Structures are given as structure tokens and as C-alpha cells.
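Novice: Quick one, what's the 3D model for this:
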Amino acid sequence: QVQLVESGGGLVQAGGSLRLSCAASGRTFSSYAMAWFRRAPGKERDFVARIWSGGSTYYADSVKGRFTISRDNAKNTVYLQMNTLKPEDTAVYYCAAGDTFGNYVYWGQGTQVTVSS
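Specialist: Predicted coordinates:
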């Protein structure tokens with residue numbers, strides 16, 4: 001069982017930056033692929049970024065070059081550095097843990113990110 005707790009969301013102006021954190025419980029954090037998803041108001045949940053246990057990363061085209069996902073296995077934490085934020089980045093951001101094939105079985109409760117124009 002893995003519990004995930006996101007933090008770091010908030011209100012920021014367009015062009016600004018935020019760093020989200022996701023703290024995980026459990027002793028096997030390093031073996032999980034971790035990802036960030038987001039759900040904008042009235043829309044489906046979308047994939048944002050993924051980092052595999054070995055450190056390889058993958059991004060949605062909409063955030064490539066602006067967002068960076070990283071992990072600190074010693075702290076059981078995954079991060080999402082978000083730069084050059086746009087109003088369309090406004091969403092609830094969720095952290096997820098899963099296997100190499102993208103089967104995410106553990107989810108956090110989400111953190112709100114609001115970008116004002």
C-alpha cells in the first residue's frame with residue numbers, strides 16, 4: 001500500500017512558477033514509476049509527466065520545455081517544477097504511482113493550481 005500526498009499548489013500569475021511535491025509512504029517508492037496528471041474544470045483527467053524508477057522522463061506536448069518532473073528516492077518524493085505557467089495550466093494536479101507499463105494504482109488527493117491572466 002502506498003499513500004501519496006501532494007502539496008505546493010496555489011494561485012500564480014501567468015508567466016510565474018510553482019513547484020509541486022508528492023510525498024509517498026512505503027519502503028518501495030524507488031521501484032515505482034511516478035506521474036503527474038491534471039484535471040481542468042469540466043474536462044477529463046490528462047497526463048502531464050512521468051518518471052520511471054531509473055530516472056527517465058516523458059512529458060505531454062502541452063508542457064514540454066516548461067515543466068520538469070524529478071524524484072528524490074531518499075525522501076520518497078516526486079516533484080513537478082512548473083515554469084512559464086499559462087492560464088490553461090489551471091487544474092487540480094494529481095500524483096500517481098504505478099508500474100513500468102503505466103498502470104497507476106495509487107493516487108493522491110490532488111492540489112489546486114490556478115494561473116491568472
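
Novice: Find the centremost residue of this structure, please.
Specialist: The residue lying closest to the centre of the chain (Cα atoms, centre = their mean) is W36, at 2.8 Å.

Novice: What's the separation between that one and R27?
Specialist: Distance of W36 to R27, computed by Cβ to Cβ, to the nearest Å: 22 Å. C-betas here are computed from N, CA, C, even on glycine.

Novice: on that earlier part again, so the residue nearest to the centre of the chain is in which element?
Specialist: Following DSSP states H and E, one finds W36 within strand 33-39.

Novice: In terms of secondary structure, what does that strand contact?
Specialist: strand 18-24, strand 45-51, strand 67-72, strand 77-82, strand 91-98 (3 or more Cβ pairs under 8 Å, 6 or more residues apart in numbering; DSSP states H and E).

Novice: So in this protein, where's the weakest helix or strand by average pLDDT?
Specialist: Within the chain, no helix or strand scores below strand 104-107, which has a mean of 94 by mean pLDDT, DSSP states H and E.
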